[in-house]
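**Student:** coords below, sequence missing:
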């Protein structure tokens with residue numbers, strides 16, 4: 001599939017590509033020359049896919065999109081530190097609150 005022209009709507013061009021993981025790299029900017037982490041591309045496309053839902057109430061809040069993209073843009077060291085501190089918070093909360101599975105009704 002060729003890249004969209006100026007007149008084409010990018011959502012209409014990209015939407016079919018979201019259905020086939022082998023087409024994900026076609027959505028990436030060709031000027032990057034494939035020099036990007038594939039996992040990050042997949043994560044960014046997952047965020048984009050949520051944003052183009054037809055039903056507005058199924059789309060994420062822009063604040064959540066910004067937070068997710070800021071996280072993706074973080075250097076790997078900062079991501080590890082963020083995950084470690086978040087895991088500690090969840091661990092403390094689960095210990096203080098008892099059995100999390102019981103609380104969630106699982």
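**Tutor:** Yep, it's here. Predicted, not measured: the structure shown is a model, and the values here were computed from it. Residues are numbered from 1 along each chain as shown.

**Student:** can we go C-alpha only for contacts and neighbour counts from here?
**Tutor:** Will do.

**Student:** mind giving me the domain split of this protein?
**Tutor:** Under the assignment automatic domain parsing, the domains of the chain span 1-73, 75-106.

**Student:** what mean pLDDT does the first one have?
**Tutor:** In this case it means domain 1-73. The pLDDT scores in domain 1-73 average 87.

**Student:** Can you report how many residues neighbour the closest residue to residue 43 other than its chain neighbours?
**Tutor:** Distance criterion Cα to Cα, 6 or more residues apart in numbering; nearest residue to residue 43, sequence neighbours excluded, is residue 72 at 7.8 Å. When neighbours are counted by other Cα atoms under 10 Å, residue 72 registers 15.

**Student:** quick one: contacts of the stretch of helix or strand residue 72 belongs to?
**Tutor:** Residue 72 belongs to helix 62-73 when assigned by DSSP states H and E. For helix 62-73, the surrounding residues in contact (Cα atoms under 8 Å, 6 or more residues apart in numbering) are 40, 43-44, 47, 79.

**Student:** Name the member of those that has the highest neighbour count.
**Tutor:** Counting by other Cα under 10 Å, top hit in the contacts of helix 62-73: residue 47 with 18 neighbours.

**Student:** neighbouring contacts of the helix or strand hosting that residue?
**Tutor:** Assigned by DSSP H and E, residue 47 belongs to helix 38-51. Contact partners of helix 38-51, identified using Cα under 8 Å, 6+ apart, comprise 15, 18, 24-25, 28, 58-60, 65, 68-69, 72.

**Student:** May I ask which two of the residues you listed are separated the most?
**Tutor:** Pairwise distances across the contacts of helix 38-51 peak at 25.2 Å for 25 and 58 (criterion: Cα to Cα).

**Student:** Neighbour count: the two, which is higher?
**Tutor:** Applying other Cα under 10 Å to residue 25 and residue 58 shows that residue 25 carries more neighbours, namely 14 against 11.

**Student:** now the helices for this structure?
**Tutor:** Secondary structure of the chain (DSSP state H): helices at 10-14, 24-27, 38-51, 62-73, 76-96, 100-103.
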